[in-house]
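In: below are the sequence and a predicted model for it; my questions follow.
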Amino acid sequence: MYTIAIILEMFVGVLLILVVLMQSSKGGGLAGSLGGANIGTVFGVRRTSDFLSKTTQILAGVFMVLALLINLWLLPPHERSRESVIQSTPAPALPPAQLPAQGQK
């Protein structure tokens with residue numbers, strides 16, 4: 001189940017990247033470079049923009065929910081109990097406080 005969820009997460013991530021790149025920006029975006037500019041003739045310019053922005057929102061939501069689902073419920077037990085690199089690093093020893101000598105000011 002974990003492997004299927006990871007593959008699904010990667011697929012959603014790639015789709016999200018493609019949808020974001022297809023949105024036309026001031027510079028034309030990837031839509032102008034790869035022939036995606038013709039998509040506006042199919043749906044109309046405004047409908048295409050609305051469709052791509054809604055698709056981006058839905059894919060972003062699915063991506064976040066899958067990430068939480070994987071980390072909270074599907075992560076294998078041996079991965080969950082392992083310490084992170086930050087937790088396993090010992091704290092640095094602090095030098096003793098330097099007190100001024102009694103005869104000096």
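Out: The structure has been received and is ready for your questions. Just so we're clear, the structure is a prediction, and the values are computed from it rather than from any experiment. Residues are numbered from 1 along each chain as shown.
In: packing partners of the longest helix along the chain?
Out: Assignment by DSSP state H gives helix 45-69 as the longest helix of the chain. In terms of contacts (3 or more CB pairs under 8 Å, 6 or more residues apart in numbering; DSSP states H and E), helix 45-69 is packed against helix 2-22, helix 39-43. All C-beta spots, glycine's among them, are computed from the backbone N, C-alpha and C.
In: among these, which is nearest Ser53?
Out: helix 2-22 (9.1 Å; CB to CB).
In: before we move on, the earlier item: which of the residues in the longest helix of the chain are buried?
Out: Neighbour counts over helix 45-69 (16 or more other CB atoms under 10 Å) mark Thr48, Leu52, Thr55, Thr56, Leu59, Val62, Phe63, Leu66 as buried.
In: reformat those into TSV and put pLDDT and distance to Leu21 next to each item.
Out: As requested, the buried residues of helix 45-69 are exported to TSV (pLDDT from 0 to 100; distance: CB to CB, whole Å):
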residue	pLDDT	distance to Leu21
Thr48	69	14
Leu52	86	10
Thr55	92	12
Thr56	93	10
Leu59	96	12
Val62	96	18
Phe63	96	15
Leu66	95	21
